[in-house]
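In: starting from these lines, generate the structure:
(chains A and B)
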Protein chains: 2
Amino acid sequence: MSAEIIPLKTRARSAAPTLDPMLTLTAQGMNSVNTVILDRMQSEIPLIPALAGHLISGGGKRLRPMLTLAGAELVGYTGTRHHRLAAAVEFIHTATLLHDDVVDGSDLRRGKAAANIIFGNPATVLVGDFLFSRAFELMTEDGSLKVLKILSGASAIIAEGEVDQLTAQRQIETSEERYLNIIGAKTAALFAAASRISAVVAECDERQEHALDDYGRNLGIAFQLVDDAIDYDSDAAEMGKDRGDDFREGKMTLPVILAYARGDEGERKFWREAISGHRTSDADLGEAIALIGRHDAVEATRERARHFAQRAVDAISIFPDGKARAAMAEAAMFAVARGY
Amino acid sequence: MSAEIIPLKTRARSAAPTLDPMLTLTAQGMNSVNTVILDRMQSEIPLIPALAGHLISGGGKRLRPMLTLAGAELVGYTGTRHHRLAAAVEFIHTATLLHDDVVDGSDLRRGKAAANIIFGNPATVLVGDFLFSRAFELMTEDGSLKVLKILSGASAIIAEGEVDQLTAQRQIETSEERYLNIIGAKTAALFAAASRISAVVAECDERQEHALDDYGRNLGIAFQLVDDAIDYDSDAAEMGKDRGDDFREGKMTLPVILAYARGDEGERKFWREAISGHRTSDADLGEAIALIGRHDAVEATRERARHFAQRAVDAISIFPDGKARAAMAEAAMFAVARGY
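Out: Sure, this is the predicted structure:
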């Protein structure tokens, strides 16, 4: 497959992009990564593997470590260092999910009861800290200061993005620019770092390293945009999180930002009340979905996502065509097509 | 001053050990450390320095970075690398305090409203994550993989200790051994790492490195024992945390473990009810303090602390006598004498 993608809208449903090529490409390596993950989440304190395992065995796609592995294939790396580092990436991600569950007061995560519901907030916070520390132990064992710099920097940026999102919560005036900054930090920074480190272990040149960073960053933005769209998509299949969570929490995501911008004064009044927390019933959620539908705000969000996915695909065009590049390109298209 | 300490009980009150020699020894270095701390807690997201600053400027003694600086003096290190690393140590400590406040649902910290009370649990968790990431950025900038290994390992152990403490909460059968394991992990591991890294930057031999680790570890245990004693000490001055917090939270600390072990069946019944959360009134706290007093459990806890403080002092006897060693020895004695 070339880097030129067929516009999604014209694709037949049967030809919908999938994650399959990516899964095939990384299957063997992911076995090694999973072994590291299971090995390093152990502890003499039984609550730690119990709680960590609830989330880690809970059906996540492990997309981020997969990016590290796919990147390694793309650049022709033949060693095994990236297995441990990919596990570190997944631990950082898992730690942030655990802390997010506490921060959001979530009930569901990946369609199961969230860790904090079963194990309580205290243990959930602390096991997040444990996994975060383990991630840095894994990186230290690998020994690359460059990888440590990339991932410690990404971790700080993730936390900043999460705090920024918290600050923007219930703020109806949040702009699209600010929203893009938030998801660039809270989501895309780890996608970028996960991709980039494959080039570091393979000792690629700067240009290749940046290309993989760009791929991951744009893919991460596309991925988050679609996640946020799905929460308001009347056609979408049930996702693994509570439907309408973003709405009830007053999170300013792009579908809301666009529906507010495109709405008339009456609609804006509704959004101000809803986002400030005064309209949280199922009927209000229905109204929100209807307004978002009226202004094509889900489709517009997906269109933005398509733009970033295309940038991701183009970023890796400097690498030779082949199985790895094709799988990574299709993964980007898949990120956009999810939930259709 | 030699490493041989005068038994505390026979010291006149006027000769009570203080932290002053330690403060003097490290004053200049701590200015540099504080500059790094203030610089690196900044962020474009205003809530981050506001929340971090609430705790960081909140009157903590910064004992842990002080240990790194004192250790550097002890081994004759003349560089400046330890300033950045000491700041990293304080960031790790601050991150754990922020998360502890959420875990414990604390109202007070260092005599002020706890961060979670002012800023809420979500922001408190996330700013903890931010500081933790910043700590690893600082270490990575320094570039010593050995320091990274020591501090990432300590961070994982701290989290394990906190989870273990959570598991032991409201468990009246918790033994002194288990309690010592918990405080060895949640408190002493960072004291040990903070001391040890001074030997690493100074490129000392293994024996010196271990001596500083032993000093910090034993000091940390002594420090935590006295902290836990003070919570039940009828004579102690008001501390910066809510009096009786440990009691109401059903935390199994040594004064309770000893009072339970030494108590008759009626007293044990009281303790079982109290620790399981069925006796939390002020009158119950008064009864707990009375029972602990009857069995000299506070004094026995301090006696245990004295033992570990003495081991700390003896651990550094391999270093030449001088200002640094004397200050560190007196700091160990001060840790035990606090609250008298």
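In: how about residue A:112, nearest residue that isn't a chain neighbour?
Out: With sequence-adjacent residues excluded and distances taken as C-beta to C-beta, 6 or more residues apart in numbering or on different chains, residue A:112 is closest to residue A:58, at 5.6 Å. All C-beta atoms are positioned from the backbone trio N, CA, C, and that covers glycine.
In: how about that neighbour, secondary structure?
Out: Taken by DSSP: H, G, I helix; E, B strand; the rest coil, the conformation at residue A:58 corresponds to coil.
In: what residues are up against it?
Out: A:109, A:110, A:112 (C-beta atoms under 8 Å, 6 or more residues apart in numbering or on different chains).
In: the first one bridge partners, please.
Out: So that's residue A:109. Under DSSP bridges, the beta-bridge partners of residue A:109 are residue A:112.
In: just checking, it touches residue A:115?
Out: Yes. Residue A:109 is within contact range of residue A:115, at 7.0 Å (criterion: C-beta atoms under 8 Å).
In: leaving out chain neighbours, which residue sits closest to residue A:25?
Out: In this structure, residue A:25 finds its nearest non-sequential neighbour in residue A:327, 4.5 Å apart by C-beta to C-beta, 6+ apart.
In: tally of neighbours for the one you found?
Out: Using other C-beta atoms under 10 Å in any protein chain shown as the criterion, residue A:327 is surrounded by 22 other residues.
In: wait, a helix at it?
Out: Yes. Secondary structure of residue A:327 (three-state DSSP): part of a helix.
In: hmm, residue A:70 and it touching each other?
Out: Yes. Residue A:327 lies in contact with residue A:70 (C-beta under 8 Å); the separation is 6.3 Å.
In: okay, and the common contacts of the two?
Out: The contact lists of residue A:327 and residue A:70 share A:22, A:25, where a contact means C-beta under 8 Å, 6+ apart.
In: who are the packing partners of the strand or helix carrying residue A:72?
Out: Per DSSP states H and E, residue A:72 falls inside helix A:63-74. Identification of packing neighbours for helix A:63-74 by 3 or more C-beta pairs under 8 Å, 6 or more residues apart in numbering or on different chains; DSSP states H and E yields helix A:20-40, helix A:81-104, helix A:189-201, helix A:206-230, helix A:323-337.
In: which SS state does residue A:232 fall under?
Out: Remark: residue A:232 carries the secondary structure label coil [criterion: three-state DSSP].
In: count of neighbours near it?
Out: 25.
In: so how far is residue A:257 from it?
Out: Here residue A:232 is placed at a distance of 11 Å from residue A:257 (C-beta to C-beta, to the nearest Å).
In: where does chain A have low pLDDT?
Out: By pLDDT under 70, the low-scoring segments of chain A are A:1-14, A:59, A:234-242, A:340.
In: could you redo the last one with a cut-off of 50?
Out: A:1-3, A:6, A:8-13, A:237, A:240 (pLDDT under 50).
In: what's the distance between the closest residue to residue A:113 other than its chain neighbours and chain B?
Out: Excluding the flanking residues, the one nearest residue A:113 by C-beta to C-beta, 6+ apart is residue A:107, at 7.0 Å. If you measure residue A:107 against chain B using C-beta to the nearest C-beta, to the nearest Å, the figure is 16 Å.
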